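*Asks:* can't give you the sequence, but here's the structure:
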């Protein structure tokens, strides 16, 4: 593993930055879910923002969308294997934040 | 650990997003270094961008700056313990990228 200017780890960090990607990936870690179930599980996310987040994750091949030809048609999202593997760095970021986020946030606000 | 809208892991992911933060933190994992040494180690980073990156990391308390009263004055940067701990998620992101970044980048460019 190398950490240079063209560092590929950046792809992962950029993908996870922002409010929702990690939350949505984590919500999908329990198994495939319909958008309405995800909204219920997550709380505080609008249908529009959830759709945008899912679309971006789908474009990055960490989430996949399945459409079932039922009446009414059912759509389910699930993690791909790349998405499953993202749970490892997400958990590591979460553990880091559990230990240090309070200090970091305090420093930001006092700076 | 919880992943909700106010998820603190976001603090870490946001801090690491962009080209340089992970590269600079990784370069400092070998021990304290002067800016000129960091530039040599990293390659391709301008003095201005390095200074800005270090300042941001310092504001987030993951890097600290020491000034030695020598002639000429010497300035050294090092990781704080929060910065050292960031190496865990950084390595996890790097390992994920080693396995999946090629697929993700390809998907982005073909999308």
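*Replies:* Done, it's in. Owing to the predicted nature of the structure, the values given are computational and were not obtained by experimental measurement. Numbers count the residues shown, from 1 in each chain, chains lettered A, B, ... in the order given.

*Asks:* who touches the helix or strand hosting residue A:36?
*Replies:* Using DSSP states H and E, residue A:36 maps to helix A:35-42. Under the contact criterion Cβ atoms under 8 Å, 6 or more residues apart in numbering or on different chains, helix A:35-42 has outside partners A:23-24, A:27-28, A:30, A:33, A:45, A:47, A:50-51, A:54, A:75, A:77, B:4-5. In short, each C-beta sits where N, CA and C put it, glycine included.

*Asks:* same thing but 10 Å
*Replies:* A:20, A:23-24, A:26-28, A:30-31, A:33-34, A:45-47, A:49-51, A:53-54, A:65, A:75-77, B:3-5 (Cβ atoms under 10 Å, 6 or more residues apart in numbering or on different chains).

*Asks:* same deal with stretch A:58-65?
*Replies:* Under the contact criterion Cβ under 10 Å, 6+ apart, stretch A:58-65 has outside partners A:11-12, A:14-16, A:21, A:24-25, A:28, A:32, A:35, A:53-57, A:75-86, B:96, B:100, B:103-108, B:110-111.

*Asks:* Which members of those are classed as buried?
*Replies:* Among the contacts of stretch A:58-65, those scoring as buried are A:11-12, A:14-16, A:21, A:24-25, A:28, A:35, A:53-54, A:56-57, A:76-77, A:79-80, A:82-83, A:85-86, B:96, B:100, B:104 (criterion: 16 or more other Cβ atoms under 10 Å in any protein chain shown).

*Asks:* In helices only, show me the residues you listed.
*Replies:* Of the buried ones among the contacts of stretch A:58-65, the ones assigned to helices by DSSP state H are A:11-12, A:14-16, A:21, A:24-25, A:28, A:35, A:53-54, A:56-57, A:82-83, A:85-86, B:96, B:100, B:104.

*Asks:* mind checking how far the helix holding residue A:36 is from the chain centre?
*Replies:* Centroid separation for helix A:35-42 versus its chain: 13 Å, with Cα atoms, centre = their mean, to the nearest Å.

*Asks:* dump the residue contacts of the nearest residue to residue A:34 once chain neighbours are set aside.
*Replies:* Nearest residue to residue A:34, sequence neighbours excluded (Cβ to Cβ, 6 or more residues apart in numbering or on different chains): residue A:76, at 5.5 Å. Residue A:76 sits next to A:28, A:31-35, A:37-38, A:64-68 when contact means Cβ under 10 Å, 6+ apart.

*Asks:* Look up how far residue B:45 lies from residue A:63.
*Replies:* Residue A:63 sits at a distance of 33 Å from residue B:45 (criterion: Cβ to Cβ, to the nearest Å).

*Asks:* in chain A, what spans have low per-residue confidence?
*Replies:* Scanning chain A for pLDDT under 70 picks out the ranges A:1-7, A:108, A:110-111.
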